[in-house]
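Novice: Kindly return the folded structure for what I paste below:
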Amino acid sequence: MKLLLIGSGIRTPLLIHGLIERQLDLGITEVVLFDIDQRRLEIMHWLANHVAVSNGASFAVRAEPALRSAAEGAAFIFSSIRVGQEQGRIDDERIALELGVLGQETTGPGGFAMALRTIPVLLDYAAIIEAVAPEAWFINFTNPAGLITQALRNETSLKVIGICDTPTAMRTSITTALGRSIDDVFVDYCGLNHLGWVHRVLVDGVDVLHDLIGDYPRLQEAGHEWSLFDADLVEALGMLPNEYLYYFYYREQAVGNITRSGSTRGQQIKAINDPLWGGLAEDHRRDDPKGALERYLGSMLSRSGSYMTRERGRTIDDHGERHVVDLFADEGYAGLALDVMQAIVRDRKATLILNVTNGGCLAELQPNDVIETVCLVDAHGVRPLGQPPLPDTAMSLVRTVKTYERLAVQAAVHGDREAAVLGLAVHPLVCSWSLARKLVDRYLSAQEASLQQFR
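Specialist: From the prediction side, this is the model:
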């Protein structure tokens, strides 16, 4: 079985390691890496192949510079691309902050700008894949995951599943707080990507969510994401919020913290990635894969420790005694994608939180809207489980952000400036027609080369 990775980015070695751990179950014989940056493709292929060979992989790893031949015959395709690289992200975040609005990669104007330049590229890729691998499962890692999955669902015939590991991490910390194994706990979650809530936690058939909320400090000790929210907010909600709801519930605090930090997350990542890629290139020139892997793991630890620090007004988290092996143990996005593969390939029923078409799951949304919720996955595909209505305090936010998402997809696909402005105008983090026009004008000017559909 052939697996294609579109975008040979920084997480590729972690994914290769995860594949090795499960290779007997997945039956993969070949992993193909594709990227438009030929130098990065060459380096990442070299490092990923070292990880594969040194860990006894049963599959071959090869690089392919042409998407058509890379995709032909693939059973699964993982997509993780960043159009514009880190500089595009920096522009997305900086422009929003200069206008007093949250500058973040996926939420609000930053995610909007990223979607505008990413959706057309993935639609071009999809046309090729539809021709040479029409039965492939397309697993989307590319951010903003909900918007990208929505566009691919609307505009293509691909079998698309959107992946985000944040709800899975929520489930893990909830299980830790309860002192139970992961198989003993069922977490019911619903909403949109980066905009969802845990509204039920079942242990032995009993809902213990109220008890968890009542002992919130215990939950905060189990997972860093819960420290973002005050206990009285969570008690008022009666649900556990996705960490990205911090940007909505503490909007002015998040904007203030990022502004006072003097730089954005994009700049933070660029400061980590640029030396890493330069060092890896030198290691490649010397043919020192062991040194390259050590360099890589150190940089990934720095990246992990700096996650959401600026937004929270904190310095880089201390890893303490954390060892690099933790990076491989915590599979994150890759682990969730491999869980999907395993359930489909081996017909092992699994309940996973994914981005899928709504159908009738949330009655207040349209059937073809993409939502993020608990799904049953097996050889027959992915089906969202029925959900009770969300409280108005949550559903009002979901409805508004989904309206924005529909307009953002329309703008990205058709180069519709009016839809772009209207979409940002209704977004809760902008909520202003005049401000939305300024944001759209600034993005179209700064990233003209990547937004040809608006010409």
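
Novice: What about the residue lying closest to Met239 once chain neighbours are set aside, how many residues nearby?
Specialist: Ranked by C-beta to C-beta, 6 or more residues apart in numbering and with sequence neighbours excluded, the top spatial neighbour of Met239 is Trp197, at 4.0 Å. The way it works is simple: take the backbone N, C-alpha and C, and place the C-beta from them, glycine included. The number of residues packed near Trp197 is 25, by other C-beta atoms under 10 Å.

Novice: what's Trp197 in contact with, if anything?
Specialist: When contacts are counted by C-beta atoms under 8 Å, 6 or more residues apart in numbering, Trp197 touches 189-191, 237, 239-242, 245, 390, 394.

Novice: what's the following helix or strand after the helix or strand of the chain with the lowest mean pLDDT?
Specialist: One helix or strand of the chain scores below all others by mean pLDDT, DSSP states H and E: helix 325-329, with a mean of 46. Per DSSP states H and E, the first helix or strand lying C-terminal to helix 325-329 is helix 332-346.

Novice: Okay, buried residues for that following helix please.
Specialist: Buried residues in helix 332-346, defined by neighbour count with 16 or more other C-beta atoms under 10 Å: 332-345.

Novice: Same check on stretch 446-455?
Specialist: For stretch 446-455, by 16+ other C-beta under 10 Å, it's 446-447, 450-451, 454.

Novice: And for stretch 360-370?
Specialist: Residues of stretch 360-370 classed as buried under the neighbour-count rule (16+ other C-beta under 10 Å) are 361-362, 365, 369-370.

Novice: Out of those residues, which comes closest to Arg89?
Specialist: Closest to Arg89 out of these is Val370 (22.5 Å), distances taken as C-beta to C-beta.

Novice: before we move on, the earlier item: now, the buried residues of stretch 360-370 that are in strands?
Specialist: With DSSP state E as the criterion, strands contain Val370 from among the buried residues of stretch 360-370.

Novice: What's the separation between the residue lying farthest from the centre of the chain and Ser261?
Specialist: Going by C-alpha atoms, centre = their mean, the residue of the chain most distant from its centre is Arg286, 34.0 Å out. Relative to Ser261, Arg286 is positioned 36 Å away (C-beta to C-beta, to the nearest Å).

Novice: what does Thr373 give?
Specialist: The spacing between Thr373 and Ser261, counted by C-beta to C-beta, is 34 Å.

Novice: ok, the two, which is more surrounded?
Specialist: Shown here are Thr373 and Ser261; by other C-beta under 10 Å, Thr373 has more neighbours (22 against 18).

Novice: where does Ala177 land on pLDDT?
Specialist: You'll see Ala177 listed with a pLDDT of 95.

Novice: and it, what is it in contact with?
Specialist: Ala177 neighbours (C-beta under 8 Å, 6+ apart): 212, 218-219, 221-223.

Novice: And for Ala281, nearest residue in space, chain neighbours not counted?
Specialist: Take Ala281 and drop its neighbours on the chain: the residue closest to it by C-beta to C-beta, 6+ apart is Ile43, 6.1 Å away.

Novice: what's near enough to touch the one you found?
Specialist: By C-beta under 8 Å, 6+ apart, the residues touching Ile43 are 277, 280-281, 284.

Novice: Then Leu424?
Specialist: Listed by C-beta under 8 Å, 6+ apart, the contact set of Leu424 reads 109, 112, 404, 430, 435-436, 439-440.

Novice: Kindly indicate which of the residues you listed lies nearest Asn55.
Specialist: Using C-beta to C-beta, Phe112 is the member of the contacts of Leu424 that sits closest to Asn55, with 40.0 Å.

Novice: Surely the closest one is in contact with Leu407?
Specialist: No - counting by C-beta atoms under 8 Å, Phe112 stays clear of Leu407, with 9.5 Å between them.

Novice: Those two - which one has more neighbours?
Specialist: Phe112 (30 against 22).

Novice: ok, the more buried one - contacts?
Specialist: Residues in contact with Phe112 (C-beta under 8 Å, 6+ apart) are 404, 408, 420, 423-424, 427, 439, 443.

Novice: how about 6 Å then?
Specialist: Taking C-beta atoms under 6 Å, 6 or more residues apart in numbering as the contact definition, Phe112 lies against Ala408.

Novice: The one 3 residues further on now?
Specialist: With contacts taken as C-beta under 6 Å, 6+ apart, Ala115 has the following neighbours: 144, 147, 408, 412.

Novice: Does the third one touch Gly423 like I think?
Specialist: When you say that, I think you mean Ala408. Yes - look at Ala408 against Gly423 with C-beta atoms under 6 Å: they come within range, at 4.7 Å.

Novice: which regions of this structure sit below the pLDDT cut-off?
Specialist: 307, 309-310, 312, 314-332 (pLDDT under 70).

Novice: before we move on, back to that, between the contacts of Ile43, which has the most around it?
Specialist: Among the contacts of Ile43, the one with the most neighbours (other C-beta under 10 Å) is Leu280, at 24 neighbours.

Novice: Verify the stated contact: it with Ala292.
Specialist: Yes - in this structure Leu280 lies within contact range of Ala292 using C-beta under 6 Å: 5.3 Å.

Novice: Nearest residue to Arg171 in space, ignoring adjacent ones along the chain?
Specialist: Nearest to Arg171 is Val187, by C-beta to C-beta, 6+ apart, at 4.4 Å.

Novice: Nice, that's everything, thank you.
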